[in-house]
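A.B. asks: All I have is the shape, not the residue letters:
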């Protein structure tokens with residue numbers, strides 16, 4: 001790598017600053033691509049929610065899990081629209097706790113998709129304060145689609161029950 005030569009101001013020449021910027025941007029793109037692939041493989045999405053103004057962000061995998069097109073503006077209302085009716089009180093209770101300042105969250109609930117499928121989700125989240133001191137606290141978290149794991153566990157339990165009956 002060529003040595004940096006200082007310009008008239010004593011700062012590195014602009015050409016090197018641009019190259020450093022390009023390398024940093026390329027590294028960031030790689031990290032984002034790896035993160036996206038890891039989320040897809042683990043069926044885990046990420047989200048952020050600023051409680052004071054309702055601003056919400058979702059990762060691509062969160063859109064996939066919730067079954068929304070990425071052109072749709074994310075919101076808590078969209079999540080609630082997909083929550084299984086029997087689980088709505090659970091989710092609403094956790095949202096209320098978030099609004100009241102609770103710091104950590106770890107819970108499961110179901111989605112009822114428009115095609116009638118039921119998805120099982122596990123949410124882990126916590127409240128964070130921006131490091132810059134600017135802006136309100138946010139809830140940042142992960143949403144995991146645990147449907148396949150739940151179905152596998154149910155099948156295993158049924159097989160064990162049948163085996164226990166057969167051995168009696």
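C.D. replies: Nice, I can see it. Remember, predicted model here, so these are calculated numbers, not experimental data.

A.B. asks: now the helices for the protein?
C.D. replies: Assigned by DSSP state H, the helices in the chain fall at 14-42, 60-66, 76-82, 88-99, 147-167.

A.B. asks: tell me what the last one is packed against?
C.D. replies: Here helix 147-167 touches strand 118-128, going by 3 or more Cβ pairs under 8 Å, 6 or more residues apart in numbering; DSSP states H and E. (Each C-beta comes from the backbone N, C-alpha and C, glycine too.)

A.B. asks: how about the strand it packs on: buried residues?
C.D. replies: Along strand 118-128, the positions that meet the burial threshold by neighbour count (16 or more other Cβ atoms under 10 Å) are 119-123, 125, 127.

A.B. asks: Okay, now the sheet partners of it, with direction.
C.D. replies: Applying DSSP bridges, strand 118-128 is found paired with strand 104-112 (antiparallel), strand 138-145 (antiparallel).

A.B. asks: okay, those, which one's buried deepest?
C.D. replies: Mean neighbour count (mean count of other Cβ atoms under 10 Å) peaks for strand 138-145 among the strands paired with strand 118-128, with a mean of 20.

A.B. asks: can you pull the buried residues of stretch 148-156?
C.D. replies: Buried residues in stretch 148-156, counted by 16+ other Cβ under 10 Å: residue 150.
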